[in-house]
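Colleague: What follows is a predicted protein model with its sequence.
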Amino acid sequence: MKHFFLFILFTVAAISVSAQEKFTISGTVIENETGETLIGVNVLVPSLQMGAVTNEYGFYSITLPKGTHEIYFSSIGFNTIVETINLTKNTSLNKSLSEDSQQLDEVVLSVDVEKINIRKPQMSANSLTANTIKKIPVALGEADVLKAITLLPGVTNTGEGASGFNVRGGAADQNLILLDEATLYNSSHLFGFFSVFNPDAIKDLTLYKGGIPARYGGRVSSVLDIYQKDGNKKQFKATGGLGLIASRLLIEGPIIKDKASFLIGGRSSYAHLFLPLFDIDSKALFYDLNTKISYNLDQNNKLFLSGYFGRDVFNISDSFSNSFGNTTVNIRWNHLFSEKLFSNLSVIYSDYYYGLELKFLEFQFDSGVQNFNVKYDLRHYISNDVKLRYGLNSIYYKFNPGDVQPTSSTSGVNPYKLTDKFAFENAAYIEAEAELSDKLSIQGGVRLSTFNRLGQEELNLYLDDNPILFNETLNIYEKADPIESLSLSKNKTMKSFANLEPRFAVAYQLDNKSSVKASYNRMTQYIHLISNTTSPTPFDIYAPSGKYIDPQLADQVAIGYFKNFEDYSLEVETYYKEIQNRIDYVDGSNLIANNAVEQIILNGEARSYGLEILFKKTTGKFQGWVAYTLSKSEQRTPGRTPEETGINNGEWYQSGWDKTHDLSITGQYELSEKWSFGANFIYQTGRPTTYPNGQYDYNGEVIPVYEDRNSSRLPAFHRMDLSATWTPKPKNDKRWQGEWVFSLYNVYGRKNAASISFAENTDNGLNEATRLSIFGRIPAITYNFKF
């Protein structure tokens, strides 16, 4: 570990000593029409072969020799501007870029075709723009962030109608999902049919699959970092869309022109309004709200207040009612100490709520997770060759595993509160990026994380600290009986953990068009999603690490080759990842309203490895990409003693989201100013599953016998989607502009299996298999507008 500290010290000391006098140019780049800060703008000085890139708040800093220089500000989708400056002192230079109407619709992936990005050591990261996401055909015609990222290599989900996503063989709960830095615990509406992200409100999206920078922590598979727009500081604007299932509207504008702005956007589904016409006494709906206020106090200070609120509601007649969703509030303060030191302070509240009412049993069940988060991050532009980032992060958690309350005086259910759990997570990090030569760049860092499991009202204690026993006679695991119960104040720590998480990446430039990169990262995850399904559901239980649950630890290495052509780019990466302390449930576990989950789980391990290929075209009338992943994802939970069988007899078995082959082809073609077309084709190996391979009769009941866990697979998944966009008046000078999007999901009507179940045919007494398919062919029409 000392090598990482030596690396940090080396990069700080590596500032070149030159007799030539130098000065720093810094500033913010915004969009001319809206005042929106721009992320990823290239600030280039070709004569010196130097450059910088604006950060997530549009800020840049570059140090140049004294003298006259031509500085280029460029970003795909915007006109490049050139500024000539006679540099004699440290200078603030803010610039605004105007949209290039000929390139605006050509943005596919964020600017990743410049030479400066070939040189950067960051790898295993992909960015998408809202413009790209809206062009991709999806079910029900609603642009969808999660469906878009699953078209990237190394990213998949467990099937149609599944919540969440899986990255490089990891589980859905192993992804850190951030919206304006606030953590989201649920990423989907309507159990996976829609994502929680309103594409009209999104400014930038980056998915880190590996080589994850030290500023991120808390999950072991990936980071999905999404930033909302700040709001138009120039004029009032509205954007929206009307679909068959859901509609959306976003309004933004200045509070004080060029100084303060607001943004408010809402979405809602309304298909449930038509169900009574068909005598269906049920409903399924979602709604969400995005809000943001930004205020430029002065040249060196900016304030942001952003929020998100989303809910899903399900009612089945008079028997069942279900509601769940996320709530976040975030206050951020940007402060510029100098032209080389940028800081951001964030205070964040995040809440995930799940409520279930069983009306026929007359009781209500509520659960959820709350956290309060304080972050302070600094970015130090020491020189053009050396850049530092460092900061602190503290998160306070409250876990509500369940609260059962009767809904009437006649209910036979007694009030029952599962024990709340509390925890405190802290982290400090430092990361550095340095260019050691014209060809070699490195990025390294370290994150020190701690986790304190705080006291609770009732903690079970067991003989030999063993909450789960193995019955050698029956060859099964059984719950241990607590020997006593302990109550501790939540101001006291009952279990603490500390982990050092090194991160390292290196890039070697082979020539002006290609490079090879390698990375290593260790990640720690202190909270766990305990589930017996392959994708997240509202019934799942979030549990913190503690006396009986250890944190997950992941080590990942990756190596890749990257090449840019004239209009194309190629990325080839291979990776290997190991995870310690991966929790698995024993057979026959009951997770609902369980106040002692330690009695049904065992610690195991997981591993995944694979090859990813991404070939993309990002300019011209035809754009798109081909993504292919060849991978393996496995878990193993061996017995704790030679006598124990563990899970699946202690053998490796395929994880529920393992997909050997995953091929995605997506493309968009601009036929004319009025017409453009999009298409997707997806092929995936069928999801692992467990089938019965025998049966026996016990007291007149037929009991199935199952094969080894996940040793079979569902049939292969594949489908094709098409879309056409018609803009009636592409050069309309009036404020109202509109377009029609026609889409057809699953063109050839493939009945992809969501599951296969087995049951006895009551007519002939024979066992038979039944395939459940969620989607067939789905046409949709959406009208998008802005004014």
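Modeller: It's in. Numbers count the residues shown, from 1 in each chain.
Colleague: Looking at strand pairing, list the partners for S294.
Modeller: On the basis of DSSP bridges, S294 is bridged to S261, F304.
Colleague: Can you show me the strands along the stretch 251-400 of the chain?
Modeller: 260-269, 282-298, 301-316, 320-338, 341-358, 363-380, 386-406 (DSSP state E, counting those that start in this stretch).
Colleague: Work out the gap between the shortest one and the centre of the chain.
Modeller: Distance of strand 260-269 from the chain centroid (CA atoms, centre = their mean, to the nearest Å) equals 21 Å.
Colleague: repeat for the longest one
Modeller: Between the centre of strand 386-406 and the centre of its chain there are 16 Å (CA atoms, centre = their mean).
Colleague: ok, E707 - contacts?
Modeller: Residues touching E707, when contacts are defined by CB atoms under 8 Å, 6 or more residues apart in numbering, comprise 690-693. Using the backbone N, CA and C atoms, a C-beta is placed for each residue, glycine as well.
Colleague: ranges for the strands of the stretch 551-700 of the chain?
Modeller: Counting by DSSP E, counting those that start in this stretch, the stretch 551-700 of the chain has strands at residues 552-564, 568-585, 601-617, 622-636, 653-654, 661-670, 675-684, 688-689, 692-698.
Colleague: any idea which of these scores lowest on pLDDT?
Modeller: Looking over the strands of the stretch 551-700 of the chain, mean pLDDT reaches its minimum on strand 692-698, with a mean of 82.
Colleague: Can you give the contact residues for whichever helix or strand comes after that strand?
Modeller: For strand 692-698, the succeeding helix or strand toward the C-terminus, using DSSP states H and E, is strand 701-706. Strand 701-706 is contacted by residues 690-697, 758, 760 when judged by CB under 8 Å, 6+ apart.
Colleague: For A480, see how far away L463 is.
Modeller: Between L463 and A480 the computed distance is 7 Å (CB to CB, to the nearest Å).
Colleague: before we move on, what about K233?
Modeller: Using CB to CB, K233 is found at 62 Å from A480.
Colleague: before we move on, what about K257?
Modeller: 67 Å.
Colleague: Comparing the two, which residue is more hemmed in?
Modeller: More neighbours sit around A480 than around the other of K257 and A480, counting by other CB atoms under 10 Å; the figures are 18 against 12.
Colleague: can you redo the strands of the stretch 251-400 of the chain as a markdown table with mean neighbour count?
Modeller: Listed next are the strands of the stretch 251-400 of the chain as a markdown table, based on neighbours: other CB atoms under 10 Å:
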| stretch | mean neighbour count |
| --- | --- |
| strand 260-269 | 21 |
| strand 282-298 | 19 |
| strand 301-316 | 19 |
| strand 320-338 | 19 |
| strand 341-358 | 19 |
| strand 363-380 | 19 |
| strand 386-406 | 19 |
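Colleague: Show me the beta-bridge partners of T239.
Modeller: Beta-bridge partners of T239, as defined by DSSP bridges: L250, K786.
Colleague: go on, A284?
Modeller: Listed by DSSP bridges, the beta-bridge partners for A284 are F314.
Colleague: could you check the distance from it over to V196?
Modeller: Here A284 is placed at a distance of 16 Å from V196 (CB to CB).
Colleague: go on, Y287?
Modeller: Y287 sits 11 Å away from V196, going by CB to CB.
Colleague: And S711, by the same measure?
Modeller: Taken as CB to CB, the spacing of S711 relative to V196 amounts to 35 Å.
Colleague: the more surrounded of the two?
Modeller: Summary of the neighbour comparison: S711 and V196, criterion other CB under 10 Å, with V196 having more neighbours (22 against 16).
Colleague: Report the spatially nearest residue to that one, omitting neighbours in sequence.
Modeller: Leaving aside its chain neighbours, V196 sits nearest to G310 (5.2 Å; criterion: CB to CB, 6 or more residues apart in numbering).
Colleague: Dump the strands of the stretch 551-700 of the chain into JSON lines; add distance to N752 as well.
Modeller: As requested, those are exported to JSON lines (distance: least, CB to CB, whole Å):
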{"stretch": "strand 552-564", "distance to N752": "30"}
{"stretch": "strand 568-585", "distance to N752": "27"}
{"stretch": "strand 601-617", "distance to N752": "22"}
{"stretch": "strand 622-636", "distance to N752": "18"}
{"stretch": "strand 653-654", "distance to N752": "19"}
{"stretch": "strand 661-670", "distance to N752": "14"}
{"stretch": "strand 675-684", "distance to N752": "9"}
{"stretch": "strand 688-689", "distance to N752": "14"}
{"stretch": "strand 692-698", "distance to N752": "22"}
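Colleague: mind putting these in a markdown table, mean neighbour count and distance to N186 included?
Modeller: Shown next, in a markdown table, are the strands of the stretch 551-700 of the chain (neighbours: other CB atoms under 10 Å; distance: least, CB to CB, whole Å):
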| stretch | mean neighbour count | distance to N186 |
| --- | --- | --- |
| strand 552-564 | 20 | 20 |
| strand 568-585 | 20 | 20 |
| strand 601-617 | 20 | 22 |
| strand 622-636 | 20 | 23 |
| strand 653-654 | 21 | 26 |
| strand 661-670 | 18 | 24 |
| strand 675-684 | 18 | 24 |
| strand 688-689 | 20 | 24 |
| strand 692-698 | 10 | 32 |
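Colleague: For H272, find the nearest of those.
Modeller: Within the strands of the stretch 551-700 of the chain, the stretch nearest H272 is strand 675-684; the backing value is 28.2 Å (CB to CB).
Colleague: partner strands of the closest one, parallel or antiparallel?
Modeller: The sheet places strand 675-684 alongside strand 661-670 (antiparallel), strand 717-726 (antiparallel), with pairing taken from DSSP bridges.
Colleague: what's the closest of those to D204?
Modeller: The closest of the strands paired with strand 675-684 to D204 is strand 661-670. By CB to CB, the value is 19.8 Å.
Colleague: C-alpha coordinates for that closest one, CSV please?
Modeller: These are the backbone C-alpha positions of strand 661-670, laid out as CSV (Å, rounded to 0.1, in the frame of the first residue of the first chain):
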residue,chain,number,x,y,z
HIS,A,661,-22.9,-13.8,-25.0
ASP,A,662,-24.4,-10.3,-25.1
LEU,A,663,-24.6,-8.5,-28.5
SER,A,664,-26.2,-5.1,-29.0
ILE,A,665,-26.4,-3.2,-32.3
THR,A,666,-27.9,0.3,-32.4
GLY,A,667,-27.9,2.8,-35.1
GLN,A,668,-29.5,6.1,-36.1
TYR,A,669,-29.8,7.5,-39.7
GLU,A,670,-30.7,11.0,-40.6
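Colleague: and the angle from that strand to strand 601-617?
Modeller: Using axes from the mean of the first three to the mean of the last three CA atoms, to 10 degrees, the interaxial angle of strand 661-670 with respect to strand 601-617 works out to 40 degrees.
Colleague: which residues are in contact with strand 661-670?
Modeller: 105-106, 108, 135-136, 150-153, 156, 621-631, 676-685.
Colleague: could the contacts of E707 go into JSON lines alongside distance to Y669?
Modeller: Output for the contacts of E707, formatted as JSON lines (distance: CB to CB, whole Å):
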{"residue": "T690", "distance to Y669": "43"}
{"residue": "Y691", "distance to Y669": "43"}
{"residue": "P692", "distance to Y669": "48"}
{"residue": "N693", "distance to Y669": "49"}
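Colleague: ok, now how distant is the closest residue to G164 other than its chain neighbours from S631?
Modeller: Computed as CB to CB, 6+ apart, the closest residue to G164 that is not its neighbour in sequence is A172, at 3.1 Å. When distance is defined by CB to CB, A172 is 16 Å away from S631.
Colleague: May I ask which helix or strand encompasses E433?
Modeller: strand 421-435.
Colleague: Give me the three-state assignment for the residue nearest the centre of the chain.
Modeller: Within the chain, the residue whose C-alpha comes closest to the C-alpha centroid is L224; the distance, by CA atoms, centre = their mean, is 3.1 Å. Here L224 is strand, with the state taken from DSSP: H, G, I helix; E, B strand; the rest coil.
Colleague: Over to L488?
Modeller: Under three-state DSSP, L488 falls in the coil class.
Colleague: I'd guessed it sits against M494; true?
Modeller: Yes - shown here, L488 and M494 form a contact pair, counting by CB atoms under 8 Å, at 5.4 Å.
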